[in-house]
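> sharing a sequence plus its predicted fold:
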Amino acid sequence: FAHANYLINLATPVPAEWHRAVDVFGDELDRAEALGLPFVVIHPGSHRGDGAEGGIRRIARAIDVLHERSRGYRVRIVLENTAGGGASIGRSFEELAAVIGAVADGDRVGVCLDTCHLFAAGYDIRSPAGYRATMTRAVAVLGRRRVVAFHLNDAKQPLGSGLDRHEKIGRGELGVGPFRHLMNDRRFARVPMALETPKDPEPRADREALALLRRLRRR
C-alpha cells in the first residue's frame with residue numbers, strides 16, 4: 001500500500017485549497033490503481049479552527065467526489081488516526097467513524113491505526129488491559145474488517161501529548177509492551193503493518209526493528 005502526501009488537507013474550509021486537495025489526492029489514487037496497490041493511506045486533515053463537524057463533512061464530501069471519479073477502481077481510500085494536535089480530524093475512533101458514516105459508499109473506506117498517534121491522542125495501550133480496552137473499542141466502533149493496516153512506531157512524547165513524534169520501537173514512551181500485544185493479537189494476524197520509525201542508521205535500524213518485532217511473537 002501507499003501513503004498520500006502529508007500536505008493534502010481534505011478538511012480545509014478554504015474552497016480553493018479543498019478543490020486542490022481533492023485533485024492532488026485523485027492523482028495519487030490514479031497512480032496507485034495503475035500500480036495495482038490495494039489502498040492509499042491518508043491523514044484526514046485539519047479543519048483549521050472551523051470546527052470538527054464542518055471538517056468531517058468536507059472530508060466525506062471529498063471522498064464522495066473521489067469515489068465518483070475513480071468509479072471502477074479497485075484501490076481504496078484508507079483514513080489514518082491522528083495524534084490529536086491542533087485542529088486535526090481523526091484523533092478518536094468515533095471521529096473516524098463519523099467521517100466514514102457520512103460517506104455515501106462507506107464500505108469502500110478503510111482505517112489505518114498508528115500506534116504513536118493512538119498514544120499521543122490519549123489511548124494508553126501500554127498495559128495488557130489498556131491495549132485490550134483500546135482495540136476492543138476500535139473494533140466495536142469501526143468494525144474489525146475496516147482496520148486494514150497498522151503503522152508501527154514508538155512515541156517520543158507522553159500520553160495525550162497530541163504530538164506526532166515517532167521513536168524507534170521500544171525506545172520511547174510506549175516501550176515494547178504494546179507491540180508484544182499487537183504481534184500476538186489474532187484479530188490482526190493478517191493485517192499488514194509498516195514501520196514508521198527513525199531510519200538512522202539506514203538500513204540497519206529497520207532490520208533491528210523487524211527482528212525485535214519477530215521476537216515478540218509467541219511461537
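Cool, got the structure.
> all helices of this protein, in order?
Counting by DSSP state H, the chain has helices at residues 15-35, 52-69, 93-102, 115-120, 128-142, 177-183, 204-216.
> what residues sit buried inside the first one?
So the one you mean is helix 15-35. 18, 21-22, 25, 28-29, 32 (16 or more other Cβ atoms under 10 Å). Glycine gets a C-beta too; all of them are placed from N, C-alpha and C.
> just the fifth one next, same as before
Going by neighbour count (16+ other Cβ under 10 Å), the buried part of helix 128-142 is 130-131, 134-135, 138-139, 141-142.
> against L213, how distant is the spatially closest residue to A102 that is not a sequence neighbour?
Leaving aside its chain neighbours, A102 sits nearest to A60 (3.5 Å; criterion: Cβ to Cβ, 6 or more residues apart in numbering). According to Cβ to Cβ, to the nearest Å, A60 and L213 sit 35 Å apart.
> ok, the two, which is more surrounded?
A60 (22 against 19; other Cβ atoms under 10 Å).
> quickly list what the residue most central in space within the chain is bridged to.
Residue closest to the mean C-alpha point of the chain, counted by Cα atoms, centre = their mean, is E80 at 2.0 Å. E80 has these beta-bridge partners by DSSP bridges: C112.
> could you find the closest non-adjacent residue to V22?
Nearest to V22 is A62, by Cβ to Cβ, 6+ apart, at 5.0 Å.
> what is the neighbour count of the one you found?
There are 27 residues near A62, going by other Cβ under 10 Å.
> do V41 as well
Neighbours around V41, by other Cβ under 10 Å: 21.
> and A155, how far from L66?
31 Å.
> then E208?
Taking Cβ to Cβ, one finds E208 at 38 Å from L66.
> the more surrounded of the two?
L66 (20 against 15).
> do you know how far the closest residue to that one other than its chain neighbours is from Y6?
Spatially, and ignoring its direct neighbours in sequence, L66 is nearest to G26 (5.7 Å; Cβ to Cβ, 6+ apart). Shown here: G26 relative to Y6, a distance of 17 Å by Cβ to Cβ.
> for M193, what are its contacts?
By Cβ atoms under 8 Å, 6 or more residues apart in numbering, M193 lies in contact with 149-152, 182.
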